[in-house]
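Student: what's the 3D shape of this:
(4 chains)
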2 protein chains.
Amino acid sequence: MQPVRKDIHSSELPILCQSCEARHQGMCGALSPEQLVSLSRHTRRVHHAAGEELLADAMPITSYANVLSGVIKLSKVLEDGRQQVVGLQFAPDLLGRLFATESRVAAEAASDVALCVVSKSALENIIRENPALEHRIMLQTLRELDEAREWMVTLGRKTAQEKVASFLYLIASHIDPAHGEPCANFDLPLSRNDIGDFLGLTIETVSRQISKLKADGVIEITNYRHVAVPDLARLRIRCG
Amino acid sequence: MQPVRKDIHSSELPILCQSCEARHQGMCGALSPEQLVSLSRHTRRVHHAAGEELLADAMPITSYANVLSGVIKLSKVLEDGRQQVVGLQFAPDLLGRLFATESRVAAEAASDVALCVVSKSALENIIRENPALEHRIMLQTLRELDEAREWMVTLGRKTAQEKVASFLYLIASHIDPAHGEPCANFDLPLSRNDIGDFLGLTIETVSRQISKLKADGVIEITNYRHVAVPDLARLRIRCG
DNA sequence: CGGAGAGTTGAGCAATCTCAATGTCTGTGG
DNA sequence: CCACAGACATTGAGATTGCTCAACTCTCCG
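Tutor: Here you go, the predicted structure:
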């Protein structure tokens, strides 16, 4: 798309980007080495521990971030405290509501995460000069919208059993950075409480349904968090 | 953004566009008169009656369409027939999943609708040459994503009463083309069945909750479809 | 007037929630 | 190394919300 000019000043990738696994899949794949160099002057890598709040609902946004590893939980709460998780972000998703001054969701590190942070103005400037980058982000946004709608079916029309199976299948499908086939062996990035908030269920119902799937031999659980799926097709069937 | 050159061949708006009320709000607002002329060579205006299917889930997409008036219902169904409405589109939304070969949802005219149809390749070509247009559509997509997430809270965490109130408030807020303040007087674009499928409720529960809101004096209903809201703030409170 | 389609209402039932008790893991201090 | 606190998860029993099934009503239209 963008011709890659090689000259003495720009043919080298920035150090930060050289080791970035999210680069090819994510939005930075739309950038030439020169553009990466210029963008990387405004980025820095940061780490957050599981549980840290990254963004509060309705707070001003000052920066965006590319997810490099880990899982981020996006959620909204009603006045009386009822909470709903409205999305999960994996590498190489972009964190932060583009072109808005305020966040529309709260974001929290669900696991330990690594981010590549870029200031709001820097990214927006680069987008403005670089339609291919905006296009790439557009494709990501459209995929997020597809996934949100897929999830609305789960929330509105599935039973508790199907919801839990769908959640496990979702994680199996996304946790692997390669992002291809669903994975049969993984750690849950969310507590039972968060799973309940994602599925619109109580923690007790989530627990009961997980126990049932275990009793039926569809999954094996060790240490609460680790899941093994002997037969992904059988899990898939339980998704409704 | 785009300088508007006035010359004898291009200063006139296409006839179709002159009377288009969606133009300023919608994506066409990003186009200069010249660009509108060139786009309009590929567009045609079509009407559909309430109930007509516009797009089937998983079917190839051959064209996009701007909604000029009316309401479109986007939905998904599970194998066993359970249905979930995953979005409503009003003027000036763009119908059709951009940059995909297949639709991810089914689309049906919820009311009589007028559309400005453009072939898939024509719109994608114009987008390619015109980053400002893609940007405009990007903003619309981001707003749709915000709305989908807002609705996930309703589906996952609200009671039947709050769901129905939220639905009425949503319609009150969007039905007016001006799209500013919520409207106190409107016709429901959806049957009780569709409302149920939007809210993840049965038709009976929807009916009972509407009756309850009526009994409580929050709304007045005439002829099943027409709604009057004496005090929008009181309806708002019921949304949870 | 009568039939079809859409909506409402009622009664009983089932899935999920609430509340409460119990179990398991992890880290800390003696 | 063990005891214990605290967080998180599981399990049970009863309450509740929303669903199912069935009867009835309203409106439109021939």
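
Student: show the contacting residues for the residue nearest to residue A:193 when sequence neighbours are not counted.
Tutor: Distance criterion CB to CB, 6 or more residues apart in numbering or on different chains; nearest residue to residue A:193, sequence neighbours excluded, is residue A:203 at 5.3 Å. Yep, even glycine has a C-beta here, placed from its N, CA and C like the rest. Taking CB atoms under 8 Å, 6 or more residues apart in numbering or on different chains as the criterion, residue A:203 is in contact with A:192-193, A:195-196.

Student: how does it look with 10 Å?
Tutor: A:191-197 (CB atoms under 10 Å, 6 or more residues apart in numbering or on different chains).

Student: tell me which residue lies nearest the centroid of chain A.
Tutor: Central residue of chain A (CA atoms, centre = their mean): residue A:89, 1.1 Å from the mean position.

Student: please state the backbone phi and psi of residue A:42?
Tutor: When quoted as degrees, to the nearest 10, the phi and psi of residue A:42 stand at phi -110, psi 10.

Student: was I right about it contacting residue A:117?
Tutor: Yes: counting by CB atoms under 10 Å, residue A:42 does reach residue A:117; the two are 9.1 Å apart.

Student: quick one: common contacting residues for these two?
Tutor: A:63, A:123.

Student: hmm, back to that, quick check: the gap between the residue nearest to the centre of chain A and residue A:212.
Tutor: 29 Å (CB to CB, to the nearest Å).

Student: what does residue A:109 give?
Tutor: Residue A:109 sits at a distance of 30 Å from residue A:212 (criterion: CB to CB).

Student: so between the two, which is more surrounded?
Tutor: Higher neighbour count among residue A:109 and residue A:212: residue A:109, with 22 against 15, using other CB atoms under 10 Å in any protein chain shown.

Student: how about the more buried one, nearest residue that isn't a chain neighbour?
Tutor: That would be residue A:48: by CB to CB, 6+ apart, it lies 4.4 Å from residue A:109.

Student: the longest helix anywhere in chain A near DNA strand D anywhere?
Tutor: For chain A, the longest helix by residue count, based on DSSP state H, is helix A:131-157. No: using CB under 7 Å from any atom of the strand, helix A:131-157 stays clear of DNA strand D, coming no nearer than 9.0 Å.

Student: which SSE is immediately downstream of that helix?
Tutor: helix A:160-174 (DSSP states H and E).

Student: helices along chain A, start to end?
Tutor: Here chain A has its helices, by DSSP H, at A:15-18, A:33-40, A:120-129, A:131-157, A:160-174, A:192-199, A:203-215, A:232-237.

Student: so which of the ones you listed gets nearest residue A:84?
Tutor: helix A:192-199 (6.1 Å; CB to CB).

Student: neighbour count for residue A:42 and residue A:117, which is higher?
Tutor: Counted by other CB under 10 Å, residue A:42 and residue A:117 do not tie: residue A:117 has more neighbours, with 18 against 15.

Student: count the residues that sit near the closest residue to that one other than its chain neighbours.
Tutor: Leaving aside its sequence neighbours, residue A:117 sits nearest to residue A:65 (CB to CB, 6+ apart; 4.5 Å). Neighbour count of residue A:65, defined by other CB under 10 Å: 26.

Student: so in terms of bridging, what pairs with residue A:65?
Tutor: For residue A:65, the beta-bridge partners under DSSP bridges are residue A:95, residue A:117.

Student: so it sits against residue A:72, correct?
Tutor: Yes: between residue A:65 and residue A:72 there is a contact under CB under 10 Å: 9.0 Å.

Student: which residues are common contacts for these two?
Tutor: What both residue A:65 and residue A:72 touch, as defined by CB under 10 Å, 6+ apart, is the set A:48, A:54-55, A:89, A:93, A:95, A:107, A:113, A:115.

Student: quick one: residues contacting residue A:157.
Tutor: Per CB under 10 Å, 6+ apart, neighbours of residue A:157: A:163, A:240, B:76-78, B:80, B:82-84, B:155, B:197, B:200.

Student: would you list the buried entries among those residues?
Tutor: A:163, A:240, B:76, B:82-84, B:155, B:197, B:200 (16 or more other CB atoms under 10 Å in any protein chain shown).

Student: which member of these is positioned nearest residue B:134?
Tutor: Once CB to CB is applied, the member of these that ends up nearest residue B:134 is residue B:76, at 26.3 Å.

Student: what number of residues lie near the nearest residue to that closest one once chain neighbours are set aside?
Tutor: Once flanking residues are discounted, residue B:76 sits nearest to residue A:153: 5.1 Å by CB to CB, 6+ apart. For residue A:153, the count of nearby residues is 22 (other CB under 10 Å).

Student: that concludes my questions; thank you for your assistance.
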